[in-house]
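**Student:** here's a sequence, model it:
(one chain, ligands or ions: 1)
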Amino acid sequence: MDTILLVEDDHMLGRALTAALGQEGWRVVRHEDARSAQAVLVDHGFVAVLLDLGLARGSGLDVLATMRERHDATPVLIITARDQLSDRIRGLDAGADDYIVKPFQRDEMLARLRAVLRRTRGKVTPVLRWRDVEVDPGASTAYLNGKRIGLSANEFRILQVLFEARGRVLSRDQLQHCLCRGGTEVGSNVVAVYVHQLRRKLGDGVVVTEVGLGYRAGDEA
Ligand code: CA
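**Tutor:** The predicted model follows:
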């Protein structure tokens, strides 16, 4: 499981962030001061670091500087207070990937974190959006109103293919060819079953039926 290091000495914010990240499927390791964060970074691999600047026993900038000196390229998202503009600039100069200003919305933090992860993974696949749904092909993840939706591989595949078609109608046959094989279920209505499940999870309006033709997701092309 991907683990994120959260360095934050504010207990309430720390707990809230840990819970929000946990709901998105990340494991979170939290440290409250700069020195223990520096220590844990040496021994453990994290997919990203959420780094507060104002810390005890050193600052977030110290943590970042020692990481980059060690050529540790783990993406870093800085958490900063509104009045710390100069720190923010120093943070970016010191090699932070992005920053977010307190107080912030949970969804904004998650979106910035995902963006940082996408950029640093080098897979710059555009996120596809329609209605309240976002499909991120790079991360094989879909979001409804900013919330990650649990989809099976084939449900995600159908959603991705429909989103990539941007409103073009795709027939059941076309969609069936896109499915991951290896399953036993190759029936003519297997696509309809997945579409039904997608509607249950995403609401009715996202995958549109064009009677006699197939399905589309997106404004009519
Ligand atoms: Ca702080």
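
**Student:** before we move on, what SS does Pro103 have?
**Tutor:** coil (DSSP: H, G, I helix; E, B strand; the rest coil).

**Student:** next up, the contacts around it.
**Tutor:** Applying CB atoms under 8 Å, 6 or more residues apart in numbering to Pro103 gives no contacts. C-betas here are computed from N, CA, C, even on glycine.

**Student:** with the ion as the reference, measure out to it.
**Tutor:** 13 Å (CB to the ion, to the nearest Å).

**Student:** check Arg129 too.
**Tutor:** Going from Arg129 to the ion by CB to the ion gives 34 Å.

**Student:** helix or strand: which one has that residue?
**Tutor:** Using DSSP states H and E, Arg129 sits in strand 128-130.

**Student:** nearest residue to Leu151 other than its sequence neighbours?
**Tutor:** Nearest residue to Leu151 in three dimensions, chain neighbours excluded: Ala142, at 5.8 Å (CB to CB, 6 or more residues apart in numbering).

**Student:** residues of the strand or helix carrying that neighbour that come out buried?
**Tutor:** Element membership for Ala142 (DSSP H and E) is strand 141-144. For strand 141-144, the neighbour count (16 or more other CB atoms under 10 Å) marks Thr141, Ala142, Tyr143 as buried.

**Student:** which residues touch the first one?
**Tutor:** Just to be clear, that refers to Thr141. With CB under 8 Å, 6+ apart as the criterion, the residues that contact Thr141 are Val135, Arg148, Phe156.

**Student:** that one bridge partners, please.
**Tutor:** Beta bridges link Thr141 to Asp136, judged by DSSP bridges.

**Student:** lowest-confidence helix or strand of this structure?
**Tutor:** helix 85-93 (a mean of 82; mean pLDDT, DSSP states H and E).

**Student:** mind listing residues that contact that one?
**Tutor:** Applying CB under 8 Å, 6+ apart, the contact partners of helix 85-93 are Leu53, Gly60, Leu61, Leu64, Ile78, Thr80, Tyr99, Val101.

**Student:** widest-spaced pair of the residues you listed?
**Tutor:** Every pair in those was compared (CB to CB); the two farthest apart turn out to be Leu64 and Val101, at 16.8 Å.

**Student:** the two: which is more packed in?
**Tutor:** Ranked by neighbour count (other CB atoms under 10 Å), Leu64 and Val101 place Leu64 first, with 27 against 15.

**Student:** ok, and the closest non-adjacent residue to the more buried one?
**Tutor:** Per CB to CB, 6+ apart, closest to Leu64 is Ala94, 4.9 Å.

**Student:** around Leu77, how many other residues sit close by?
**Tutor:** By the criterion of other CB under 10 Å, Leu77 has 21 neighbours.

**Student:** where's it relative to Phe46, distance?
**Tutor:** 12 Å (CB to CB, to the nearest Å).

**Student:** how close does the most centrally placed residue in the chain sit to Gly146?
**Tutor:** Central residue of the chain (CA atoms, centre = their mean): Arg114, 3.5 Å from the mean position. According to CB to CB, Arg114 and Gly146 sit 10 Å apart.

**Student:** also Val211?
**Tutor:** Distance from Val211 to Gly146, by CB to CB: 32 Å.
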